[in-house]
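>>> okay, here's the prediction I keep looking at, along with the sequence it came from:
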Amino acid sequence: MSVARRTLPRWIEIGAIPVVNVAIAFFIAGLIVKSIGANPLEAVWILVYGAFGSPESIGYTLYYTTNFIFTGLAVALAFHAGLFNIGGEGQAYIGGLGVGLVMLASDRWLPAPLLIAFAIVAAAAFGAAWALIPAYLQAYRGSHIVITTIMFNFIASAVMVYLLVNVLIAPGSMTPETREFAEAGRLPMVHDMLALVGVTTGRSPLNASIFLAIAACVFVWVFLWHTPWGFELRATGHNAQAAAYAGIRLRRVTLLAMCLSGALAGFVGINEIAGVHHRVILNFTAGYGFGGIAVALMGRNHPVGVVLASLLFGALYQGGAELAFEIPAITKETVVVIQGLVILFSGALANLPRSWFASLLAMFRRSRPAVAGEA
């Protein structure tokens, strides 16, 4: 067995390797920043301060983090079943449509708690339904899940454009968006919730959907590692042939995994539509579905890792915006390059440091008996 393929301790796989990947990405990003005439250390300070330097910036960072938690969990759960769900963008889009339809139909007569509960159910149901079709095609027709899910992103986008331009557009509006929801159809903002207990903080888009994200993390952890359905799902992902031999119905696992994955992605609609925009608009997903792939890979498909990776990407989004504002030489495109480097080294090159750690671990193990003999 090669050094790179040897089993490494869990703390290296989950903790050390992602940290090294991010460090390499930031090192190369620093070289790029230096090449355009900016100070890399100053840029790092502005980025960190812009993400965590004030209550308002922390609120924006956590707002972005919430979306990445939803899409990261969606990718991670499907991946445990051996399925690579690239359709989080479309599933989040259609989940937002479900939220909007519930709000538009009921926001003027349902009380807020019941309305929000129905919106959460609609987001999960619409996202799951959109993921069910590729799941069925994979399970019963042999279509590849990667191809179908990525194509369904484009279909979702086209459907939303048609609906907002021709069906759901607000009367008299020239912009393809629905009417604004009534007050009952809006999630409470965190700064307003804190004000109720006497804590004054800066205004930000952070809303109560962050608690839904935390609940989703707990659900995924319990489901995958503490239920028989989660065991079947993980067994299928490890070895589908052995799982089938053990009596696990692979088609059912595929449908279940993808529906749960789509439901998690659909919760982005709660944060964006019910929490921030208060109407259905075009392109509210803003690439969170694709970013969730990198989040899941960096987080090693574990809810705790997904939360930490989501926080990093949320900080990059918020801190990157401050960075582009404070240093004119660093444009928005440069910030996108920095984010892309993190995605590159956390995704496509995620296993690059494995061989380094494996070699160091092997050297340490060989040296231990000699050190003990000298002692």
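Yes, it's here. Numbering: from 1, shown residues only.
>>> okay, buried residues for the longest helix along the chain please.
Scanning the chain for the helix with the most residues, using DSSP state H, yields helix 112-141. Neighbour-count burial for helix 112-141 flags 115-116, 118-120, 122-131, 133-139 (criterion: 16 or more other CB atoms under 10 Å). Backbone N, C-alpha and C define where each C-beta goes, glycine included.
>>> packing partners of that helix?
The elements that helix 112-141 packs onto, with contact taken as 3 or more CB pairs under 8 Å, 6 or more residues apart in numbering; DSSP states H and E, are helix 88-106, helix 145-166, helix 250-266, helix 268-269.
>>> how close does residue 39 get to residue 330?
Plainly put, residue 39 is 10 Å away from residue 330 if you go by CB to CB, to the nearest Å.
>>> joint contacts of the two?
Overlap of the contact sets of residue 39 and residue 330 (by CB atoms under 8 Å, 6 or more residues apart in numbering) consists of residue 33.
>>> who has more neighbours, these two?
Taking other CB atoms under 10 Å, residue 39 and residue 330 do not tie; residue 330 has more neighbours (23 against 14).
>>> neighbours of residue 254, how many?
For residue 254, the neighbour count with other CB under 10 Å is 24.
>>> nearest residue to it in space, please, no chain neighbours.
residue 139 (4.3 Å; CB to CB, 6 or more residues apart in numbering).
>>> for the one you found, which residues are in contact?
Residues near residue 139 by CB under 8 Å, 6+ apart: 250-251, 254-255.
>>> what's the answer for residue 29, then?
Applying CB under 8 Å, 6+ apart, the residues near residue 29 are 40, 337-338, 341.
>>> remind me which residues of this structure are low pLDDT?
Scanning the chain for pLDDT under 70 picks out 1-6, 14, 347-350, 368-375.
>>> if we go to 50?
Scanning the chain for pLDDT under 50 picks out 1-5, 371-375.
>>> list only buried entries from the contacts of residue 139.
Counted by 16+ other CB under 10 Å, the contacts of residue 139 give 250, 254-255 as buried.
>>> spatially nearest residue to residue 315, not counting backbone neighbours?
residue 51 (3.8 Å).
>>> which of the residues in whichever strand or helix holds that neighbour are buried?
Per DSSP states H and E, residue 51 falls inside helix 40-52. Residues of helix 40-52 classed as buried: 40, 43-44, 46-47, 50-51 (neighbour count, 16+ other CB under 10 Å).
>>> what do you get for stretch 216-224?
So, applying 16+ other CB under 10 Å, buried residues of stretch 216-224: 216-217, 220, 223-224.
>>> before we move on, back to that, separation between the residue nearest to residue 315 and residue 318?
Relative to residue 318, residue 51 is positioned 5 Å away (CB to CB).
>>> are there residues contacting both of the two? Which ones?
Common contacts of residue 51 and residue 318, defined by CB under 8 Å, 6+ apart, comprise 57, 61.
>>> about what we covered before: tell me the one among the buried residues of helix 40-52 nearest to residue 267.
residue 51 (22.9 Å; CB to CB).
>>> residues contacting the closest one?
Counting by CB under 8 Å, 6+ apart, residue 51 touches 57-58, 61, 314-316, 318-319, 322.
>>> let's have the residues you listed in TSV, adding distance to residue 278, secondary structure and neighbour count.
Listed next are the contacts of residue 51 as TSV, based on distance: CB to CB, whole Å; DSSP: H, G, I helix; E, B strand; the rest coil; neighbours: other CB atoms under 10 Å:
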residue	distance to residue 278	secondary structure	neighbour count
57	23	helix	20
58	23	helix	19
61	22	helix	24
314	22	helix	24
315	26	helix	22
316	26	helix	23
318	21	helix	25
319	26	helix	26
322	26	helix	19
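>>> that older thread, residue 80 is nearest to which of the helices and strands packed on helix 112-141?
So among the helices and strands packed on helix 112-141, helix 250-266 is nearest, using CB to CB, at 7.4 Å.
>>> what angle do that closest one and helix 145-166 make?
40 degrees (axes from the mean of the first three to the mean of the last three CA atoms, to 10 degrees).
>>> so how far is the helix holding residue 51 off the chain centroid?
Distance, stretch centre to chain centre, for helix 40-52: 23 Å (CA atoms, centre = their mean, to the nearest Å).
>>> would you put the C-alpha positions of it in CSV?
Listed next in CSV are the C-alpha coordinates belonging to helix 40-52 (Å, rounded to 0.1, in the frame of the first residue of the first chain):
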residue,chain,number,x,y,z
PRO,A,40,-1.1,40.7,1.8
LEU,A,41,-1.0,41.1,5.6
GLU,A,42,-3.1,44.3,5.4
ALA,A,43,-5.6,42.4,3.1
VAL,A,44,-5.9,39.6,5.6
TRP,A,45,-6.5,42.0,8.4
ILE,A,46,-9.2,43.8,6.5
LEU,A,47,-10.8,40.5,5.5
VAL,A,48,-10.9,39.2,9.1
TYR,A,49,-12.0,42.5,10.6
GLY,A,50,-14.6,42.9,7.9
ALA,A,51,-16.1,39.5,8.8
PHE,A,52,-15.8,39.6,12.6
